[in-house]
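> Give me coordinates for this.
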Amino acid sequence: MDIKEKRRISLPAPYMRSHYDAVVIGSGYGGAIAASRMSRAGKKVALLEKGQERWPGEYPVEWNECLKEIQYSSATGHVGKQDGLYHFYNGKSQDAYVACGLGGTSLLNANVALEADRRVWDMPVWPDEIRNDHSSIKEGYRLAREMLEPVPYPEDYPPLPKLNALEKQAYELGDEYSKNFYRPPITVKFKDGINAAGVRQQKSTLSGNDSTGVNDGSKNSTLMNYIPDAWNHGCEIFCSIDVKRIKKIEKTGKWIIFYEWLENSRNAFSDDSHNSLFFVMADVVFLAAGTFGTNEILLRSKAAGLEISSQLGQAFSGNGDILAFGYNTELYCNGVAMGNNNPSDFKDPVGPTITGIIDMREQADDVLDGYVIEEGAIPYAVAAAANVLFSSLEDHKGSIPPSLSLPEIITRKMRKLASKTSNYRGALANTQVYLIMSHDDNTGYMELQDDKLSINYQGAGKTKQVRDLNRLLGEATTKVKGTFIPSPLWSEFLGLITVHPIGGCCMGKDGYVGVVNHKGQVFKNDSTKVHENLYVCDGSIVPRALGVNPFLTISALAERICYLAAKDRKWDIKYNLVDKEIDFSEPLVTWPPEVMGPNSNEMWPPKTGSFSFAEVMRGYFSTEVTTKDYKAAEMQAKTSNSTIQFLLNIIMFDVKTLSSLENDDAWISGTVSCRALSPDPLRVLRGKFRLFISEGDRVDTNAMMYNLNLMATDGTKYRFKGFKLLDQSNILNAVVDVTTLYASVYEFRDGDDLNFDTDSDADDDEGRKVIGRGILEILPNDFLKQITTFTTFGPTMSERIGAWFDLFKFFGQTMVERTLTRFLPLQYSSDKSNVSHYERSRPPEESYDVIAEDEVKTKLYRYKGGNKGPVLLIHGASVTRDMFATTLIKHNFLDYLIENSYDVFLVDYRLAPSNAESFNQHTIEDCVLDIKQAVKDVRKYTGCEKIAVIAHCFGSPLTFMGLLSGQIEGVGSLFASQSAMNPVFAFWNQVKNDLRLIQIFRRILRQQTFDVRTSPHTTLLQSILNQILRFYPYPKGGVCRNALCHRNSMAFGTLYQHKNLNQNLHDNLDEFMGAINLTTMEQIGNSARKGVLLNPQGEDVYVTDDNIKKYLNFPITLIHGNDNTVFNEEGMRKTYEKLIFNNGGSQYALHNLTGYGHLDVWWGNRAHIDIFPRVLKHLEDTKNSYGYAYNK
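Here you go, the predicted structure:
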């Protein structure tokens, strides 16, 4: 095949569906066959493989390359890559070597395709259905051969020295052996062409590299036939999937397959990855993970409660395998694989690993005494080590062949010297490799120890049969004047190594003697009852050693199992072979993607300029506290230790879109563990991630959004929405911000789309049921691990570095903007390019001129929303009526009252920036005249004797002044916001007041007004002030770059909690904010210094007990934000105490508003939920004291 462009037919875990008709675990002979046949039956199939997908051209050759792919497992632990290609198992007296990759051990085996001795099938270990039905086994063999296409090494091909040497040895051993020598059929292509599955293959280059992976494309592993055939018929293949256990959900009847995704970045969180398992559901499961893999999965499943026979793990066999060497013989063997060397540089080819056999099975009277001897090849990667090892072992006592002549001894020594110069010369070139398959007693067993597979086969290397067969090999070696060397991994103390482990899930008539029935179905306990939809179809079901290479027999059994499984379900397997070459860009059958998929725009691995990382967060989750008080939810969850954690992979497909992630999300895959939601981990079906998007509902805040669709093993689905908020802060707080996630879990409704948006409030706004809330954090150690998982993608180093640069540039800029805000350029409100207004449907506006007693003209506006009210809204200083009516926010108070059928009036009195009078000097008493006349006019226009008034900030003290002086008449209900008749400044306003800053502005700097509006082109004095105000002592979270906001803080104190405002309003406050005259400011400052309303002469003439009793004996509600930095709560408390002292408490109320400051009680994102209903309640509760109802 062309190896310039990598072929890929597997998909990564994020593409996996939640459910399949059939899931096949493992891709060796049994698994590949099951995947192919079930796909050909028209079923939706997933094939899960622990190893990686490698095609010819990608197999390692050199020792250093191979070393990276070695993994070693024992009862004490695991070393190496979990999906490394070369997997060594160490057991007690029995070791094994198997492959881990797409294709299983077929990738590395020696290709010999022989049927088992016919007498094997008559052994009593088989179920009666097998013993009495040899025809179905024969049919299985036929189907397997049809796809695998084994043929003997051709007679017209170049002679192979090692094949000739084995034939010579058979002759030397005698007629009994020579007559049983032949060339066995092997699954190797000796002609270019298209195979039975439609895959184009090249003929063998005779390199002998089979044991480490053949790169010429000639090896007919399952990767070249059954697996691409399955893919071509719709099977979805997933690699690096380590299945851990399975379980049955009785409620749904589905099988749950738990697996770990062996993705590189998740290895940084190995402990969490082992526990935070993914899962997929299936109607039918075919277990074919290899003898060790299948036994381990079932043993772990049994430990978790799955009913399985007590025979699980028993009757393990090494298939009687014996590996040995005939070193430094007189025969030229050429048995060292070529590696990457050019075959044309060799005098003779090595050939496939095995091409010859001495088949002694039929010679034995007892089938258990039969065996085969095959030649082999030393892998290129270990040839140098073998050369040194064999040379050192030759002088071992009894190893050197006896009766050598002096010339023969000299010749042998010369060959040893020649081998020191090359692995292809001298002694090593004259070394024969032997592989025996025989019959052991299959008394080994497997069990779990601390969740690790333990292999036990005591005495496997001590049996008489092993000694006899080693003696035979020694004789065969001696006859060609060589030194016999048993396997370096064998001795009577260490035991044997096998490449053909079988058993542990043996076939049997019932669960008392076997683990699966003749159909491969797993027995429930020690009975004849089976799990009808759970099959095993690999070498683990073979109940005895076969005395020959087992893969063709395993394939025959798998074919039979698949046939019966389909027959039982009336599924029709289409066995006809394809009639054209596979198009690897387009399979014959595809299924519409459920989540991420090959038909979507997001491909894996990501393209150039992409990145991914893994993240672990841990915290607490409450199903009791479902409000947005995340801290309360966390505290409640801690009392019951209700934990939540996740391990997520986040994949951004184009790093250049980071700055516009509103239109381009990153994808999330992973698992969430939360016992309050599910006893098993929840799988992320589809997730979206957005990095540092502008959070429109919060000022100068960036958000990281995590939106996940979750599914539990019982099929229940949830919506998970989490966010991290990074606002204006110092670097330490910023670290906390980016490592703290506020999470909500919602119900998942029938018909919901998996592809939902990332609006953090959408689900709350639409009334979706909240399942729970919580807070998760990244622990310091996890954060350090997370940093190591960041991976960029690209074909060249420069492109990968470029992606890193783009990522950290964006991240760094955002962090700088949020942590060094005071030093960044100021923002001005003059640019209206980003302003947006919400559409509102209102009654026609009516406007009236209001002429005060001093002839000052102001404006009154009316919106007749209904027959409730009337209500007059009075704004504060330096703002217009639009503080109640602005369409810069989604919910304003004017429209709230209109929606509740109120007749609403708003006044723009003389301090409104829209009024030219705002630049003139006025006392509070002057302003009272405007309110006095406005109240009188509202009464006139409505015919109401009394009206309701809602007054904010400065509008409230002047209303109280007007009432207490007797000037304002006709108010039957008052709602006062933030200040009243006892104004007391908050700390920093008090400091400014004590420093007489207003007097300095008026008398020294000759300023008569202070305009909060500004621009880059203002006067020198104002420019200097703008720069100084960068360092104003703003409250936590109140630092921003908005110059108008800074000037507001200077004039009045910080007017709001920035976290409560949206960005659109904050950026465009100049639409209704402006100048304030300093006379008014000085008078209110003097009053605040005394804590009571004063006249211009500084006299306390208004707030008297008599005035309170006479003029304020009607319903009044006071509100004050707990985080108000303009006025102190002490003032409102004084007002409240004076009211109830003089008139009793029945008509008065004081509400402290947690989480609110000053103006944000009217502008806050949640004001329509938290504040407006309180105002409405006051109006409704006092409706008999004013307005139309009062008139009646």
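> Go through stretch 442-459 and flag the buried ones.
Going by neighbour count (16 or more other CB atoms under 10 Å), the buried part of stretch 442-459 is Asn442, Gly444, Tyr445, Met446, Glu447, Leu448, Leu453, Ser454, Ile455, Asn456, Tyr457, Gly459. Every residue, glycine included, has its C-beta placed from N, CA and C.
> Identify the farthest-apart pair in the residues you listed.
Largest separation among those by CB to CB: Leu448 and Gly459, giving 22.3 Å.
> quick one: the helices in the stretch 601-750 of the chain?
With DSSP state H, counting those that start in this stretch as the criterion, the stretch 601-750 of the chain has helices at 630-639, 731-738.
> winner for burial among those?
Comparing these by mean neighbour count (mean count of other CB atoms under 10 Å), helix 630-639 ranks first with a mean of 17.
> coming back round to it: so which of the buried residues of stretch 442-459 sit within strands?
Of the positions in the buried residues of stretch 442-459, Tyr445, Met446, Glu447, Leu448, Leu453, Ser454, Ile455, Asn456 sit in strands, assigned by DSSP state E.
> distance of the third one from Ser540?
Using CB to CB, to the nearest Å, Glu447 is found at 14 Å from Ser540.
> from the buried residues of stretch 442-459, which single one is nearest Pro592?
Checking the buried residues of stretch 442-459 against Pro592 by CB to CB gives Leu453 as the nearest, at 38.7 Å.
> what is that closest one paired to in the beta sheet?
Leu453 has the following beta-bridge partners by DSSP bridges: Leu448.
> so can I have a markdown table of the buried residues of stretch 442-459 showing distance to Ile502 and pLDDT?
Converted to a markdown table, the buried residues of stretch 442-459 look like this (distance: CB to CB, whole Å; pLDDT from 0 to 100):
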| residue | distance to Ile502 | pLDDT |
| --- | --- | --- |
| Asn442 | 8 | 86 |
| Gly444 | 10 | 93 |
| Tyr445 | 13 | 95 |
| Met446 | 12 | 96 |
| Glu447 | 17 | 96 |
| Leu448 | 19 | 96 |
| Leu453 | 15 | 96 |
| Ser454 | 18 | 95 |
| Ile455 | 13 | 95 |
| Asn456 | 15 | 94 |
| Tyr457 | 12 | 89 |
| Gly459 | 18 | 69 |
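> Mind telling me which of the helices of the stretch 601-750 of the chain the model trusts least?
Across those, helix 731-738 has the smallest mean pLDDT, namely a mean of 72.
> picking that back up, and which of the buried residues of stretch 442-459 is nearest Ala303?
Of all these, Leu448 has the smallest distance to Ala303: 6.5 Å, by CB to CB.
> The stretch 401-550 of the chain: helices as residue ranges?
406-419, 426-429, 464-478.
> Please identify the deepest-packed of the ones you listed.
Among the helices of the stretch 401-550 of the chain, the stretch with the highest mean neighbour count (mean count of other CB under 10 Å) is helix 426-429, at a mean of 24.
> For that helix, enumerate the helices and strands it packs against.
On a contact count with 3 or more CB pairs under 8 Å, 6 or more residues apart in numbering; DSSP states H and E, helix 426-429 meets helix 383-393, helix 406-419.
> Output those in JSON lines, with mean pLDDT and distance to Arg822 appended to each entry.
Putting the helices and strands packed on helix 426-429 into JSON lines (pLDDT from 0 to 100; distance: least, CB to CB, whole Å) gives the following:
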{"stretch": "helix 383-393", "mean pLDDT": "87", "distance to Arg822": "66"}
{"stretch": "helix 406-419", "mean pLDDT": "89", "distance to Arg822": "76"}
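> Show me where the stretch 301-450 of the chain dips below the pLDDT cut-off.
395-399 (pLDDT under 70).
> Can you report how many residues lie near Asn781?
For Asn781, the count of nearby residues is 9 (other CB atoms under 10 Å).
> Just say helix, strand or coil for it.
helix (DSSP: H, G, I helix; E, B strand; the rest coil).
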